[in-house]
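K.L.:
got a sequence here, can you build the structure:
(2 chains)
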Amino acid sequence: MDFASLDPVPEAARFRRPPSQVMRLARMGSAHPTRLSFLRVLLRRVTREGWLFDRPLWDIDANGVGRAVYRAKGPERTYSLVAFAHDLPDEMRSDRVIATSWDATFTLFDGEPGAADLDRLQRNVPLQEAGRISERELSLSRANRSVRLHAHVVERLAEGRQPDRAEVDAVGYLMRTTAVYGSGKFGAADRARIAGRPELGGPFQAEMLSVWLTRQFTVDIAEHLAQARGGASAVRLDPAIRRGLGVGNSTGLGMAPFLVRHPVLLNNWMMAREEALARVRAQRAAPPDAVAAFRKALADAQDNAEHWHSQHPIQVGKLDALRRDLAAVARWTDWPEAGQEHPWDALWRRGEAALSLEGQEALLALMLEPHGEIVDPLAACMTADEAAAFRIDGAMTVAELAAILAERYDWALGIDFARPENAARFWYVSEEKLEPRLGNRGGEDGAALELPLCTARLARELSDALAGWPGDRPLAAFLLAHPEHRFMARRAQVVARHPCAEVRDNLIAQDMLPIDLMRCKLAFFGASRFDPRSDKWVRISLFQDLPYPSDLCPGDWT
Amino acid sequence: MTGDRTPEIEPNDPTRSGAPLPAGRGARLSRNEIEALCLKAARGAGMSWGLAEEAGFAAGWLSQRGLDGPGALLAQLRTAEARPWRDICPVIEPGAFRALPEGLLCPIALGAALCDCARLPDADMRAAPIGIGPVSQPLLLVPFLAEVARLRGAALRLGWPQGAVTIGPDGGVGGDLAALAAAERLEASLAAAPDAPAAPAAPAPEAGPPFVPHAILADLDAYALRTTVPASDASRAGAGGGESD
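P.N.:
Residues are numbered from 1 along each chain as shown, chains lettered A, B, ... in the order given. As a prediction, this is how the structure comes out:
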């Protein structure tokens, strides 16, 4: 390998956006999925490598109860989604983490399960958090039906008719997952076990594979029930309708702290995406085929925005702005102008001047779309060795750490945390459900058990403490006297080496929106149709309008 | 699904997002679970967040090598509970990381300090050994000594009158580990070692993840539960997706 192939667009450096712009919560909360999103990375790989998909087991009765296995065979290894279908009374259906039963439960098995594996999984997977899985399993998840749409689709198909398009559009999925656990949870394989495999080394690839196979199940079970009910008169789902169905996902506050707890990972995701944008902006030409691909992506985005619904006042406003912005870009028919030195950069600058944050971040996603050749290799940079970043450099001087804080946390050091609005909230773990929650410092107990997600205040406190020490003293001595600053000192050293590792907003401010953190993470997953139901939980869709496993391997089903 | 199929479960979880542990006879835990549980237990027992992270690291490191990290940490949390920081944190003198008179060092605090000093003259053991201790649960020191060896790029030897353990820069450990695991209190010296022990062989896959007995799990859980806030009506409201469709 030569240096040129390591950095094929060296001139991109001057087009990079600064972290002070990129790492603001309002902008992160406007993030759109891109071709670097993890589900797109998965689909590109299985397509390129010619993975084989089939359904070796479908043992489900006329009431929709039983088990099924979906098999994904790659060039080196095979993975199997084991699905358990349940007959769940309506009154027991809940998306909350407190739920104890679901319409279907799943695990991604590392290999092909034997009968004994399936029996073991049958005893544990339906229990979810109350069961135990093993290092042979890579994920644990569950899904509930959209009662309305599922019933409608089954009823129509059983009658030999297709579902009503408006009903399908209004919901967008037959089932939604309410949790997808990976990385060593509940006894599952640790990430270290799979991190060295090319197909699962990237972030959340096992989880994405699990959800994609689950999407196939959501359609299969509906067609199965229609067949059981309607017999010979039943029909299968129209492929066009089927393609528009994603897997829903319902996500609460539990996801919000993830990006704060994984600073190196956040940095690598953001840096890869920002480098992608910079590479596109650095291009010296906008050839007609790239412009056509951009305009096609723009038209798709406009269509998607029309089908993207939310009742939440903030999202309603953002959607209005997005539709307006996309329409504006569509009217920029004078772009690219002849003789523009950097036509994509010109487009980007025009967008920055004219569009809302929502529109700007959508434009970013659209500009990456025609540039797979220079964008897609960056997916390899989105993983992180967090253990390697853990060790504190105690030889760093007090003055050096203070300088890091002054540079990387300049946005935090001026905040007056004595003002109630700047410390209005606190993050904690509830005893009841063991999930992260957000409390009001003024009105709720528990602030003494605050989680260290109050990064701005921790930085300020560390900075103040360092100010009382001689600058030439080593950090090791400071930390011996001040163990309470060890967490933030480690974090500041990580942030010094990773410019996009920190969200540059006060996460305990009165006006902080946790859904902004979720939106950013979910966009990296590839989620669409972001629909906040409050400022603390959201519904989204995954894989909507993308192929199914059975589209890639049409011959091997049922 | 009926309630009688749900096994009795521990009140707290080892993951950061909420997972009860099986009660009864204990469980095989992933490294992720051990690190998360031990981090929370250490925090619940009063360690700062940054040191609690070190405790999670140490317990996970030991467990990966078939050593009882969770058990040693639990014993340490009991030993150090309610003792002030000055009684358990090392005082650095020329050639020594010592406890105050009547003090007994926390191996997490001592180990973290040794790592922090790994590139400083304080921890330079090339010319003369460094005295350390007395320290409780000395097994918990080993992961940190492995970090010091890695950072210094050289093997080191932890010696005491009845034995010694050698730790290499690539994570290899050799010597009287059983004696170290059995010791509740140790005064020892740290010296440069001429030879590094062989890097550890990959653990046998059939051995599976480490088994943590119920008594240890339950008590670590009890410490971890101290980091959680009892539910209130306000906290329940809007915490997650409640409605169906």
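K.L.:
so the strand or helix carrying residue A:154, near chain B or not?
P.N.:
Per DSSP states H and E: residue A:154 is located in helix A:147-158. Yes - using C-beta under 8 Å from any C-beta of the partner chain, helix A:147-158 reaches chain B at A:147, A:148. For the C-beta atoms, the positions are set from N, CA and C on the backbone; glycine is no exception.
K.L.:
in contact with residue A:199, which residues?
P.N.:
Residue A:199 is in contact with A:45, A:49, A:74, A:76, A:77, A:205, counting by C-beta atoms under 8 Å, 6 or more residues apart in numbering or on different chains.
K.L.:
at 10 Å what do you get?
P.N.:
Residues near residue A:199 by C-beta atoms under 10 Å, 6 or more residues apart in numbering or on different chains: A:42, A:45-46, A:49, A:51, A:72, A:74-77, A:79, A:205-206, A:209.
K.L.:
kindly report the same for residue A:481.
P.N.:
Contact analysis of residue A:481 by C-beta under 10 Å, 6+ apart lists A:465, A:469, A:473, B:85, B:89.
K.L.:
please tell me how far the first one sits from residue A:485.
P.N.:
Here the distance between residue A:465 and residue A:485 works out to 6 Å (C-beta to C-beta, to the nearest Å).
K.L.:
surely residue A:189 touches residue A:79?
P.N.:
No - Residue A:189 lies out of contact with residue A:79 (C-beta atoms under 10 Å); the separation is 11.5 Å.
K.L.:
which residues do these two both contact?
P.N.:
Common contacts of residue A:189 and residue A:79, defined by C-beta under 10 Å, 6+ apart, comprise A:108, A:110, A:138, A:139, A:200, A:206.
K.L.:
which of these fall within helices?
P.N.:
Assigned to helices by DSSP state H, the following of the shared contacts of residue A:189 and residue A:79 qualify: residue A:206.
K.L.:
coming back round to it: run through who's touching the helix or strand following the helix holding residue A:154.
P.N.:
Remark: after helix A:147-158, the chain's next helix or strand is helix A:165-171, criterion DSSP H and E. For helix A:165-171, the surrounding residues in contact (C-beta under 10 Å, 6+ apart) are A:146-150, A:152-153, A:156, A:162, A:164, A:174, A:237-238, A:240-242, A:244-245, A:248, A:306-307, A:309, A:539, A:541, B:245.
K.L.:
what subset of these is buried?
P.N.:
A:146, A:149-150, A:152-153, A:156, A:162, A:174, A:237, A:241-242, A:244-245, A:248, A:539, A:541, B:245 (16 or more other C-beta atoms under 10 Å in any protein chain shown).
K.L.:
circling back to that earlier point, how about the helix holding residue A:154 as CSV, C-alpha atoms only?
P.N.:
Extracted in CSV, the C-alpha atoms of helix A:147-158 (Å, rounded to 0.1, in the frame of the first residue of the first chain):
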residue,chain,number,x,y,z
VAL,A,147,-51.3,-3.8,15.8
ARG,A,148,-53.2,-1.7,13.3
LEU,A,149,-51.2,-2.3,10.2
HIS,A,150,-50.4,-5.9,11.0
ALA,A,151,-54.1,-6.7,11.4
HIS,A,152,-55.0,-4.8,8.3
VAL,A,153,-52.3,-6.5,6.1
VAL,A,154,-53.2,-10.0,7.3
GLU,A,155,-56.9,-9.4,6.8
ARG,A,156,-56.5,-8.0,3.3
LEU,A,157,-54.0,-10.7,2.2
ALA,A,158,-56.2,-13.4,3.5
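K.L.:
which parts of the stretch 251-400 of chain A sit against chain B?
P.N.:
Selection of the stretch 251-400 of chain A residues close to chain B by C-beta under 10 Å from any C-beta of the partner chain yields A:251-255, A:257-258, A:261, A:387, A:390-396.
K.L.:
and which of the residues you listed is nearest to residue A:129?
P.N.:
Closest approach to residue A:129 among those (C-beta to C-beta): residue A:254, at 12.1 Å.
K.L.:
may I have stretch B:125-137 exported as CSV, CA atoms only?
P.N.:
Presented in CSV, the C-alpha positions along stretch B:125-137 are these (Å, rounded to 0.1, in the frame of the first residue of the first chain):
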residue,chain,number,x,y,z
MET,B,125,12.9,0.7,39.0
ARG,B,126,15.9,0.2,36.8
ALA,B,127,18.6,1.2,39.3
ALA,B,128,16.8,0.0,42.5
PRO,B,129,13.6,-1.7,43.4
ILE,B,130,10.5,0.3,44.5
GLY,B,131,8.9,-0.6,47.8
ILE,B,132,5.1,-0.8,47.8
GLY,B,133,2.5,-1.4,50.4
PRO,B,134,1.1,-2.6,52.6
VAL,B,135,-1.7,-3.1,50.1
SER,B,136,-4.9,-5.2,50.4
GLN,B,137,-6.0,-7.7,47.8
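K.L.:
many thanks, we can stop here.
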